Each structure stands twice: as structure tokens, then as C-alpha cells.
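Got a predicted structure here, sequence first:
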Amino acid sequence: MIQSPLLLTAIIGVATALAFILDAKVRWLSRIGASLMALVLGALLSNAGLVPSSSPVYSIIEGPLTSLAIAWLLLAVNVSDLKVAGPRMVGAFLLASFGTGLGAFLGGLALTGTFGDNAWRLAGVFTGTYSGGSVNFVSVGRGVDLPDSLFAGATAADALTTGIWLAVCLTLPIWLHRFYPAAIPGEGDDVTHQEHPHPFFERVPLSTLDLANLLAVGLVLVVVSEWLGQFVPAVPSVLWLTTLALGVGHLRYFRSERGALQLGNLALHLFFVIIGIHSRVSEILVVGVEVFYFTLVVVGVHGLVVFGLGRILGMDVGSLAVASQAAVGGPSSALAVAVSREWRGLVLPGIIVGLLGYAIGTYLGFGVAFLVRGVGAGL
């Protein structure tokens, strides 16, 4: 068993890189996603007895490095991009987020008997991930102290449900388009997949100064948020971190910063490898099946709200499908739906609202979690 901190760090780094490589190079594995592959690789290392169950290296990655990941990802969010997405896409995304919150609330109430005190935690985590993405999944999960076994099971169930919903969003417009307004905004715009690549694999120029600034600002944000969390314990430090990062990211000086999204994604996937290392396959399978039912409730209600209420409000099916995927699967899934259905004018708006989901998902997640707990579920 590997005990050396340096060698252990190297192995975690290689596993993270391998997850991204497989996502980029192997088409059928790209449907699974780098996040789940990072978790699986970590679980394989742990269950094969190659790495220890605990290490100071894990604590550093789970603590300050993951907080840095959250800060960097939120520094990359630009709320002013809403005007580029347009009111139709923004409205569809807000509808999708409402559907997610409602589904998580109902799922938390319905499955309290199954999950007990963890029902409200899962309600918050799934609200976060199905209205923003992985960064909100991690933020809310850490904030509500979701157990490692449930963290791993929820990640696996989330990936499976996200894949199923991607297939639904690709096929539903074909069946339902006659019942919705026919016009797809910007359908004829000359926007291609190549102009808006997968957020994981976009190439951006970086200088040493850029990296130094991002590291310094990220560390300061983490330290200040931890201090505020101790000073005002009623507000979790991750909420302070979210608020401060969004605020600082909109200062003029930081609008030109590049690389925050890339650094954040990299650090976040190191965390997923650690979650995998903490997991045992048997535990993941046991809780994964039960958690999968939870995700089906959340996404099922989400879908009814998006395509049902969206129809009543007169929204076109293209905007609804792309916005739904932006919420459930993040910007890369929104990109996949827009490109696959050749809605070129929805490519950029879909990516924008997917990235902006990072900004609201954590707040929604904590809100729904405490609402479910407040009505007595899981207590």
C-alpha cells in the first residue's frame, strides 16, 4: 500500500488527468463524464488496496483545495452575460431551476422514511447539482455534511440520471415540437460547435501573472470566508465563499482574468478522486440504488414543470430543452443538445445560463435543504 504523501499526490493527479483524457478521447465514455470517471478511478485504487483510507493529502484536497475550486469557478461567472443569453433563455432556465427545487422538496418529503436525517441533505445537494452543476453539488454537500458513502452514491446516481435526461431532451423536441411555438430563436445564426467548445477542453492563454493573481485571490477568499463562517456560524462558510467570489469576480480588475474556470474544474475533479478513495463499491451500490430513485423524483418533477408550464407560457421547445439541460447537466450538456438538434442560436445562450447556474445553485440548494428540514423531514 502506498503511504508516501508525494507518491500518493502523484497518483491522485494521474487519476484526475486520466478522467479528463478518457472524457475527451473516448466517445462512449464522454457520455459518462469526467466527474464520475474520477470517482470510479479513485474507488478502484481504494478497493484494490493500493492507497490508504486516510491521509493528510486527502485532508488538504478535501479542505482548502476544494474551497479554492469553488472560488475559482465562481470568479469565472459573469452575470452581465445574461443580456447575451436573452430573456427567453433566462426565463426558461429560471423555470427549470424552479422545477428542480420543487422536485427536490417533494422528494425530500416523500423519501424521509428511506433516508432519515439525510433526506434534507440530499434534497439540498440535488437542488444544487440540477440547477447549477458539480460545483454546487460539492458546495452544498460539504455545507450540510453529507456522509461520504452518500456522496459517492449520489454522484453515481446523478451521472446516470443526467445521462437519461440528456437522451430525453434530445428526443422530446422531435415528438413535441408540434405542440409548441415553431420558431426557435436564432435558428439560422451561423454559430458552430467549434466556436464554443466543451468547457473542459477550451484552450485559453495564461501568463504567470494570471496564475499568481488567481492563486492569491482564491486563497484570500477562502481565508476570509472561513473567518466569516466562524464569526457568523449561522451562515455556512461556503455561502460566504460563494457570495464573496461572485462579488470579487465582478470587479473590473478581474473581468479580464483567464483560467479561473479551468483551474476550478481541475481542482474539483481532484476532490472527486478523493471521494472515490473514501468509497467502497458495495456501499456505493447499496445507497446508489436508493439515491437513484431520489434523482428520478427530482428530475421527473423538473421535466413536468419545464415542458408543462413552459407550454402554458408559450415558450418554444428548443429553449426549454437547452435550458433544462443547462440546469441538470451544466453548460456542456446544454451545448450537446443545442448542437445535436442544430439550434445554432441556442449554443451560446445555453452555455451562458449553464455557467450562471454556478451562481444560484448553492443558494437554492441550501434554501431547499433547510426548507425540507424545517417542515420536519428527516428529523
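Here it is on my side, so go on. Everything quoted here is computed from the prediction, not taken from an experiment.

C-alpha only now, for contacts and for neighbours.
Noted.

quick one: contacts for Ser97?
Tyr130, Ser131, His302, Ala327 (C-alpha atoms under 8 Å, 6 or more residues apart in numbering).

With His302 instead?
Here His302 is in contact with Ala96, Ser97, Phe98, Gly99, Thr100, Leu102, Gly103 (criterion: C-alpha under 8 Å, 6+ apart).

Next, format the contacts of Ser97 as CSV and append secondary structure and pLDDT.
Compiled in CSV, the contacts of Ser97 are given as follows (DSSP: H, G, I helix; E, B strand; the rest coil; pLDDT from 0 to 100):
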residue, secondary structure, pLDDT
Tyr130, coil, 94
Ser131, coil, 91
His302, helix, 96
Ala327, helix, 92
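
so which of the residues you listed is the most crowded?
For the contacts of Ser97, the largest neighbour count, defined by other C-alpha atoms under 10 Å, is 37 neighbours, found at Ser131.

can you give me phi and psi for it?
Phi and psi for Ser131, reported as degrees, to the nearest 10, are phi -130, psi 0.

Please name the nearest non-neighbouring residue to it.
What sits nearest to Ser131 in space, not counting adjacent residues and going by C-alpha to C-alpha, 6 or more residues apart in numbering, is Ala327, at 4.2 Å.

So for the most centrally placed residue in the chain, what's the pLDDT?
Per C-alpha atoms, centre = their mean, the C-alpha nearest to the average position across the chain is that of Gly133, at 1.6 Å. pLDDT, Gly133: 76.

which residues sit in contact with it?
Ala327, Val328, Gly329, Gly330, Gly357, Tyr358, Gly361.

ok, Gly229 to Leu109 distance?
29 Å (C-alpha to C-alpha, to the nearest Å).

and after the host helix or strand of Gly99, which helix or strand comes next?
In this structure, Gly99 sits in helix 82-110 according to DSSP states H and E. Proceeding N to C from helix 82-110, the next assigned helix or strand is helix 112-115, under DSSP H and E.

How about Thr162: what's its closest non-neighbour residue?
Leaving aside its chain neighbours, Thr162 sits nearest to Gly329 (5.9 Å; criterion: C-alpha to C-alpha, 6+ apart).

So for the helix or strand where Ser149 lies, mean pLDDT?
Here Ser149 sits within helix 148-176, counting by DSSP H and E. Averaged over helix 148-176, pLDDT sits at 80.

Name the next helix or strand following the helix or strand hosting Ile60 along the chain.
Per DSSP H and E: Ile60 is located in helix 56-60. Downstream of helix 56-60, the first helix or strand assigned by DSSP H and E is helix 66-75.

Run through the neighbouring helices and strands of that following helix.
Applying 3 or more C-alpha pairs under 8 Å, 6 or more residues apart in numbering; DSSP states H and E, one finds that helix 66-75 contacts helix 134-143, helix 208-231, helix 237-249, helix 260-277, helix 347-374.

In the stretch 151-300 of the chain, where is pLDDT below threshold?
182-202, 254-257, 279-288 (pLDDT under 70).

now the nearest residue to Val235 once chain neighbours are set aside: how far from Tyr130?
Distance criterion C-alpha to C-alpha, 6+ apart; nearest residue to Val235, sequence neighbours excluded, is Gly229 at 6.2 Å. Per C-alpha to C-alpha, Gly229 is found 26 Å from Tyr130.

same question, Thr66
20 Å.

what do you get for Ala267?
21 Å.

before we move on, what about Leu364?
Leu364 is 10 Å from Tyr130, by C-alpha to C-alpha.

same thing with Gly107?
Remark: distance between Gly107 and Tyr130 (C-alpha to C-alpha) = 13 Å.

Same question for Gly143.
Per C-alpha to C-alpha, Gly143 is found 17 Å from Tyr130.

now swap in Asn118 and tell me
Relative to Tyr130, and taking C-alpha to C-alpha, Asn118 is found at 18 Å.

Neighbours of Leu335, how many?
Leu335 has 29 nearby residues by other C-alpha under 10 Å.

Okay, it and Leu41: tell me how far apart.
Distance from Leu335 to Leu41, by C-alpha to C-alpha: 26 Å.

can you count the residues close to the residue nearest to Val305 when sequence neighbours are not counted?
Nearest non-adjacent residue to Val305, counting by C-alpha to C-alpha, 6+ apart: Gly99, 5.2 Å away. Look at Gly99: counted by other C-alpha under 10 Å, it has 27 neighbours.

does Gly99 really touch Val306, like I thought?
Yes - in this structure, Gly99 is within contact of Val306 by C-alpha atoms under 8 Å, at 6.6 Å.

quick one on the thing from earlier: contacts only, for the residue nearest to Val305.
Val301, His302, Gly303, Leu304, Val305, Val306.

Now which of the residues you listed would you call buried?
With neighbours counted by 16 or more other C-alpha atoms under 10 Å, the contacts of Gly99 contain buried members at Val301, His302, Gly303, Val305, Val306.

okay, those residues in a markdown table with secondary structure and distance to Arg88 next?
Output for the buried ones among the contacts of Gly99, formatted as a markdown table (DSSP: H, G, I helix; E, B strand; the rest coil; distance: C-alpha to C-alpha, whole Å):
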| residue | secondary structure | distance to Arg88 |
| --- | --- | --- |
| Val301 | helix | 21 |
| His302 | helix | 18 |
| Gly303 | helix | 18 |
| Val305 | helix | 16 |
| Val306 | helix | 13 |
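
ok, those residues vs Trp72, which is closest?
His302 (28.6 Å; C-alpha to C-alpha).

Distance check, the residue nearest to Val305 against Val301.
6 Å.

Leaving out sequence neighbours, find the closest residue to Pro173.
Of all residues not flanking Pro173 in the chain, Val317 sits nearest, at 6.0 Å (C-alpha to C-alpha, 6+ apart).

follow-up on the earlier one: in JSON lines, list the contacts of Ser97 along with distance to Ala15.
JSON lines is the format used below for those (distance: C-alpha to C-alpha, whole Å):
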{"residue": "Tyr130", "distance to Ala15": "26"}
{"residue": "Ser131", "distance to Ala15": "28"}
{"residue": "His302", "distance to Ala15": "34"}
{"residue": "Ala327", "distance to Ala15": "27"}
